[in-house]
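1. kindly return the folded structure for what I paste below:
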Amino acid sequence: MSAGADENLGTTPVREGYAFDVAALAAWMEANVAGFSGPITVEQFKGGQSNPTYKLLTPGKSYVLRRKPPGQILKGAHAVDREAQVLTGLAKANFPVAHVHGLCLDDGVIGSWFYVMDMVEGRIFWEAHVPGVSSTERAAIFDAMNATMAQLHSVDYQAVGLGEYGRPGNYFARQIGRWSKQYFDDAEAGRDANMDRLIDWLQTNMPEDDDATSIIHGDFRIDNMIFHPTEPRVLAVLDWELSTLGHPLADFAYNAMMYRMPPHIVAGLGGIPIAGTGIPSEDDYVAAYCARRGLPAMPGYQYYMAFNFFRLAAIFHGIKGRVIRGNASSAQARERVAVLPELMALAWSQTGA
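-> Presented below is the predicted three-dimensional model:
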C-alpha cells in the first residue's frame, strides 16, 4: 500500500479548525432525517481535498456529512448543494449513489452549508492496479467501472430533474475558460510555463463538435467508487463536486487518464506493467466503453486527454492556493502541491506538440 493510500484510509479525530456544534447538528437531524436517533459521535475522513467529510456514528447506523470548508473560499467553489442535487437525481435513475437524507443551507447550524447521506460500506481501491485480488476479479472490477461510467452517460438527465444542472454544448470553451481564469486569478499559487502554453494549445485546437451532453462526474477515478465487499460490483460513486452537464467523452477520458498517470500523483497505472494482471489495455478499455454507448469510435481522444490533464493540474493549482492561505482540508494537500510541476509538464506532453 502506498503512503498516499494509507493517508486516505479511514477516519481520524476531527482536525483542528474543522470541529462544529454536534448538539446543533443532532437537533437538525432530529428534524430532517427520518429514523435518526442520537447520540452522535463524529470522526473526520482522512481523504478529500475540498469539502471536509465526516463520519457520523449513532447507535443505529452511520451517516456521512459533507460540508463547505470553514474560512475564505473562492466564489462558486465547494457547492455542496449541487452535490446533493445530483445525488438525489441520479438515485431516481437507479444509478449507484448514496441516499441523501437532507441538505442544510443555514450557516447557523454548524457554520457552513452541508448535507447528510447514508454511509455505504464496501471496498475502496486507492491504487489503480487494484492489488490483493485475482486477475479474474481485477478484470471484472475494471469492466464494472467502465459499465458504470457508460450507465452515467446514458442517464436521461431531463427525466431525473437535472435539466438545469448545467448548460448543454460548448463544454470545452466554458471549462477551459473557467479553469484558466481560476489559474490566472490565484496569484498566490503562481504560474507555470507548461500550463501557460497548454492553455493556448487547448484554445487553438478546440474540437468543432461539442454538442454531446450528459451528466458528467468530473472526477471519475477508481478511488471515488465503493465496491461491494466481496463482488466486483459498484455500490456507490462518490465525490460529485465537479459534476455538471457536459461532454461525456471528456468525462470518460478523465477516467482513462489512469493509463498515463503515475501512481504517486493520483491513482494511476503509468509505468506499471499490466500484461497478465486482468487490467485491459487502454485501447481495449476505450473500445468497451464505445461498445456500451453504441459509438463506432472516439474522435478527439488526444484532445480530451490533454484537456483532462490540464483540468487536474488546475485543480491541484487551486489546492496549492488553499495551502498557502491555510484553509486546505486535508494533510494530503501538501503532497498534491509537491507534484504539481511534474503534473503540469505531463499535461503539456499529452498534446504531442
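2. nearest residue to the middle of this structure?
-> Asp219 (3.2 Å; Cα atoms, centre = their mean).
3. shaky segments in the stretch 251-353 of the chain?
-> Residues of the stretch 251-353 of the chain meeting the criterion pLDDT under 70: 328-331.
4. 80 instead?
-> Across the stretch 251-353 of the chain, the ranges flagged by pLDDT under 80 are 327-332, 353.
5. give me the domain ranges for this structure.
-> Following automatic domain parsing, the chain resolves into domains at 3-118, 135-349.
6. measure the residue lying closest to the residue nearest to the centre of the chain once chain neighbours are set aside to Arg336 for me?
-> Spatial nearest neighbour of Asp219, chain neighbours left out: Leu242 (5.0 Å); criterion: Cβ to Cβ, 6 or more residues apart in numbering. In this view, the C-beta of every residue, glycine as well, is placed from N, C-alpha and C. Look at Leu242 and Arg336: by Cβ to Cβ, to the nearest Å, they are 15 Å apart.
7. ranges for the strands of the stretch 201-350 of the chain?
-> Here the stretch 201-350 of the chain has its strands, by DSSP state E, counting those that start in this stretch, at 214-216, 225-227, 234-237, 244-246.
8. ok, Tyr63 - contacts?
-> Contact partners of Tyr63, counting by Cβ atoms under 8 Å, 6 or more residues apart in numbering, are 29, 33, 55-56, 101, 116-119.
9. which among those count as buried?
-> 29, 33, 55-56, 101, 116-117, 119 (16 or more other Cβ atoms under 10 Å).
10. tabulate the domains of the chain (JSON lines), appending distance to Ile124.
-> Below are the domains of the chain laid out as JSON lines (distance: least, Cβ to Cβ, whole Å):
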{"stretch": "domain 3-118", "distance to Ile124": "8"}
{"stretch": "domain 135-349", "distance to Ile124": "6"}
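11. surely Trp201 is in contact with Tyr303?
-> No: between Trp201 and Tyr303 there is no contact under Cβ atoms under 8 Å: 9.4 Å.
12. quick one: find the helix or strand in the protein with the lowest mean pLDDT.
-> Every helix and strand of the chain was ranked by mean pLDDT, DSSP states H and E. The lowest is helix 3-8, at a mean of 47.
13. biggest helix in this structure by residues?
-> Ranked by residue count under DSSP state H, the longest helix found in the chain is helix 301-325.
14. circling back to that earlier point, kindly state which of the domains of the chain is positioned closest to Trp126.
-> Evaluated over these, closeness to Trp126 peaks at domain 3-118, with 3.5 Å, by Cβ to Cβ.
15. quick one: low-confidence ranges for the stretch 51-200 of the chain?
-> For the stretch 51-200 of the chain (pLDDT under 80), the answer is 70-78.
16. can you pull out the strands in it?
-> 53-57, 62-67, 100-104, 114-118.
17. show me where the stretch 51-200 of the chain has helices.
-> Ranges of helices in the stretch 51-200 of the chain, per DSSP state H, counting those that start in this stretch, are 80-92, 107-110, 135-153, 171-185, 193-204.
18. centre of the chain to the longest one, how far?
-> Between the centre of helix 135-153 and the centre of its chain there are 17 Å (Cα atoms, centre = their mean, to the nearest Å).
19. who touches it?
-> By Cβ under 8 Å, 6+ apart, helix 135-153 touches 90, 95-96, 125, 130, 133, 214-217, 220, 222, 225, 227, 232-234, 237, 248, 251-252, 255, 276-280, 285, 288-289, 292-293.
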